[in-house]
Every structure is written in structure tokens, then in C-alpha cells.
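Participant: I'll drop the sequence and a predicted model, then ask my questions.
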Amino acid sequence: AQSVTQPDIHITVSEGASLELRCNYSYGATPYLFWYVQSPGQGLQLLLKYFSGDTLVQGIKGFEAEFKRSQSSFNLRKPSVHWSDAAEYFCAVGDAGGGNKLTFGTGTQLKVEL
Amino acid sequence: NAGVTQTPKFRILKIGQSMTLQCAQDMNHNYMYWYRQDPGMGLKLIYYSVGAGITDKGEVPNGYNVSRSTTEDFPLRLELAAPSQTSVYFCASRAGDSGNTIYFGEGSWLTVV
């Protein structure tokens, strides 16, 4: 069965600092990988996704993620964090069949210090 | 540009009561999903549907039922509500291709007391 691990429950960074959120997945074939962001009291918004091709994926709001098959990782990065980036971030892996279901990690709560 | 619409947004239920969470999407998506989100647990799939008339269980289906009579609607029914069902519920949908984005509703906050 597929699974996702986000090892960091909480991360605090200063505004303007760089950010890296970790995500490791377990999946038998080539995975579909996603990063979603959730602001308090809101639904989930897609930041970026990887299906195939270039392993460095660009997303919205200046985020990017790199797929590393050898490490089973899909870490999310941003060079300079803004206070508005404070939110909860979820990594997810999708299966290619059986309803294209997503399996989510437990999330990383990002706090940005001014 | 409604997308995925969930109602109600907030609800308090007494133990043993029943209710239906409504979900509608206007994007003509084949796939629809119900997830629940508990603190520190991420999102867990309750039920999903690959098209009208077809539903299947996800990871945590016990205590819930769904139906999919139309492409647009995917209601989630809670029978005999229990405190363990206190959670935030998200409905989502996607088009037919494997790689398409899943769109989420804004969530329904349910408390069972």
C-alpha cells in the first residue's frame, strides 16, 4: 500500500529565509506526487504536482519541489518565505488506477516569524 | 465559478443522530471523494466514486454511507453519529485522467456531542 511520511510536524522560519519541507513516499511504481497547502479554516489548494519528466517541478507562489527516485523523496522548497506562507502543508501520493486516490501525509505546520 | 460546494459548513450533532453532508461540483468531473481530517492525522479517504452509480470504500468507511445518483452530487450520510466522527470533512473531485488535479471543497466541521 502507498504511504507518505512528513517527518516534521512543525517548522518555524524567519521571513525571508529559505524553506525546505520534507516528504518521503512509498509506492510500487512511478508515483504521482502532490503538494497541497491549507490555510486555517480553508480547504486544500494545490501547490504543484509531479507525474513524469523533469524532476524539478515549479508551482504557484514561488514554490518548487524535486522528485528524487533514489531517495523516495519529494521535498518542497522556497528560496524566500513570506509571512503569508504560514499554513499547513500536505504531501500526497496518487495511484494511477483504482479511482486515482490520494494518500496524504500527516502535514507540516509552518510558522513564519517576522 | 463554484467548483466543489459543501453544505453545511458547521454542524453539531447529538450521539445517535443521523445527517447528510452535501457535496456538489459543477465541473463535470467523474471522480469524487470524501475525506476526513483529524488533527495530526492528515486526510483519510472515507469513500470515493468513479462515476454516477459507482461507489467504493476508502480507508475509513465504517459509520458512513454514500450514493452517487448524478455526476454532480456525492452526499455523505452519517448514521448513528458517534463522538469518533467529530472531524472536518472534505469533498473533492477530479476529471477522468490520472494526472488531473483534485479540487477540494472548503470543508464541513462536524461535532458529535
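Facilitator: Yep, it's here.
Participant: Write out the residues of chain B neighbouring chain A.
Facilitator: B:4, B:31, B:33, B:35, B:40-45, B:48, B:50, B:56, B:58, B:90, B:94, B:98-102, B:104-107 (C-beta under 8 Å from any C-beta of the partner chain). Quick note: C-beta positions are derived from backbone N, CA and C, even for glycine.
Participant: Have a look at chain B and report the helix or strand with the lowest mean pLDDT.
Facilitator: strand B:103-104 (a mean of 91; mean pLDDT, DSSP states H and E).
Participant: repeat for chain A
Facilitator: When each helix and strand of chain A is scored by mean pLDDT, DSSP H and E, strand A:102-104 comes last, with a mean of 90.
Participant: Residue B:7 is in contact with residue B:22, isn't it?
Facilitator: Yes - at 4.7 Å, residue B:7 counts as touching residue B:22 under the criterion of C-beta atoms under 8 Å.
Participant: hmm, back to that, now the residues of chain B next to chain A: which count as buried?
Facilitator: Buried members of the residues of chain B next to chain A, scored by 16 or more other C-beta atoms under 10 Å in any protein chain shown, are B:4, B:31, B:33, B:35, B:42-45, B:48, B:50, B:58, B:90, B:94, B:100, B:102, B:104-107.
Participant: then stretch A:14-30 to PDB, C-alphas only?
Facilitator: Only the C-alpha atoms of stretch A:14-30 are listed here, as PDB (Å, rounded to 0.1, in the frame of the first residue of the first chain):
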ATOM      1  CA  SER A  14      12.100  33.700   9.700                       C
ATOM      2  CA  GLU A  15      10.600  35.800   6.900                       C
ATOM      3  CA  GLY A  16      13.000  36.000   4.000                       C
ATOM      4  CA  ALA A  17      14.700  32.700   5.000                       C
ATOM      5  CA  SER A  18      14.700  29.700   2.700                       C
ATOM      6  CA  LEU A  19      12.400  26.800   3.400                       C
ATOM      7  CA  GLU A  20      12.500  23.000   2.800                       C
ATOM      8  CA  LEU A  21       9.700  20.700   3.800                       C
ATOM      9  CA  ARG A  22      10.400  17.000   3.700                       C
ATOM     10  CA  CYS A  23       8.300  14.300   2.100                       C
ATOM     11  CA  ASN A  24       9.100  10.600   1.700                       C
ATOM     12  CA  TYR A  25       6.800   8.200  -0.100                       C
ATOM     13  CA  SER A  26       6.300   4.600  -0.500                       C
ATOM     14  CA  TYR A  27       4.800   3.400  -3.800                       C
ATOM     15  CA  GLY A  28       5.400   0.400  -6.000                       C
ATOM     16  CA  ALA A  29       5.500   2.100  -9.400                       C
ATOM     17  CA  THR A  30       6.200   5.600 -10.600                       C
END
